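1. got a predicted model here, sequence first, then my questions.
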Amino acid sequence: MAQINPSILSADFARLADEAKAVDGADWLHVDVMDNHFVPNLTLGVPVVDALAKATDTPLDCHLMIEEPDRWAPQYVEAGAGSVTFHAEAAAAPVRLAREIRAKGARASMALKPATPVEPYEDLLPELDMLLVMTVEPGFGGQAFLDIMLPKIRRTRQLIEKHGLQLWLQVDGGVSASTIERCAEAGADVFVAGSAVYGAENPAAAVEALRAQAEEAAHRANGS
Ligand SMILES: O=C(CO)[C@H](O)[C@H](O)COP(=O)(O)O
Ligand SMILES: [Fe+2]
């Protein structure tokens, strides 16, 4: 089942609770945390996640684009995030961090920037609930989807199957009506969409349309 996670990076930050309600049928709400060090942009932190978790029933999928995730990620679990993603490039001890996130009761997820290969992390995959393959350079919404990431999505799906894992495979960046089918065919099953959802006239309808497209593409690819 394809999951659609609207990114609030493209929402109106002055009306976050309402913007969360506008996508009630979404599986998760994707929250981009940027620290102006790991990426050249600054968004929000623990207090906003804490407030948002109290304001919506949709679980929060926190994507931490920050340095020192080993130090900060546990605080996002305590603030109410249901899933916490740290970047492989920033984590000092990814296995220990994933275990800590899980022990605190959230799903543990790791993200890879476009130039970071998945293969060195093969043995670590069983420690994770989700792997995020970035399909843009992290830092900003509204960027063009990087087609050159499709082979990495395919290779990651093969590794998941090789090890018989339940791990979700998320894509983030430039996911829209014109790119989501290629992602689903390549093996992604969790789709972050910022501008494609919040830029639409009816965000809830955009979520449903993207989900239907992803489901159909996945069925086509699996020959079912
Ligand atoms: O992590 C991100 C950027 O670093 C965002 O989640 C992503 O860019 C979503 O926005 P869009 O769908 O508009 O590309
Ligand atoms: Fe993100």
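-> Sure, I can see it. Numbers count the residues shown, from 1 in each chain. Ligands and ions are numbered 1, 2, ... in the order given.
2. tell me where this structure has strands.
-> With DSSP state E as the criterion, the chain has strands at 3-6, 29-34, 60-65, 83-87, 107-112, 130-134, 168-172, 190-193.
3. want to throw those into CSV with mean pLDDT?
-> Listed next are the strands of the chain as CSV, based on pLDDT from 0 to 100:
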stretch, mean pLDDT
strand 3-6, 98
strand 29-34, 98
strand 60-65, 99
strand 83-87, 99
strand 107-112, 99
strand 130-134, 99
strand 168-172, 99
strand 190-193, 98
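4. between the ones you listed, which gets nearest to Pro120?
-> With CB to CB as the criterion, Pro120 lies closest to strand 107-112 of the strands of the chain, at 9.9 Å. Yep, even glycine has a C-beta here, placed from its N, CA and C like the rest.
5. got the angle for the closest one vs strand 83-87?
-> Put simply, strand 107-112 runs at 30 degrees to strand 83-87, going by axes from the mean of the first three to the mean of the last three CA atoms, to 10 degrees.
6. how about residues contacting strand 107-112?
-> Strand 107-112 has contacts (CB atoms under 8 Å, 6 or more residues apart in numbering) with 61, 63, 65, 82-89, 91, 94, 97-99, 101-102, 118, 121, 124, 127-134, 138, 152, 168, 170, 172.
7. what subset of the residues you listed is buried?
-> Buried subset of these (neighbour count, 16 or more other CB atoms under 10 Å): 61, 63, 65, 82-89, 91, 94, 97-98, 101-102, 118, 121, 127-134, 138, 152, 168, 170, 172.
8. near ligand 2, list only the ones from those.
-> Among the buried ones among the contacts of strand 107-112, the ones lying near ligand 2 by CB under 5 Å from the ion are His63, Asp172.
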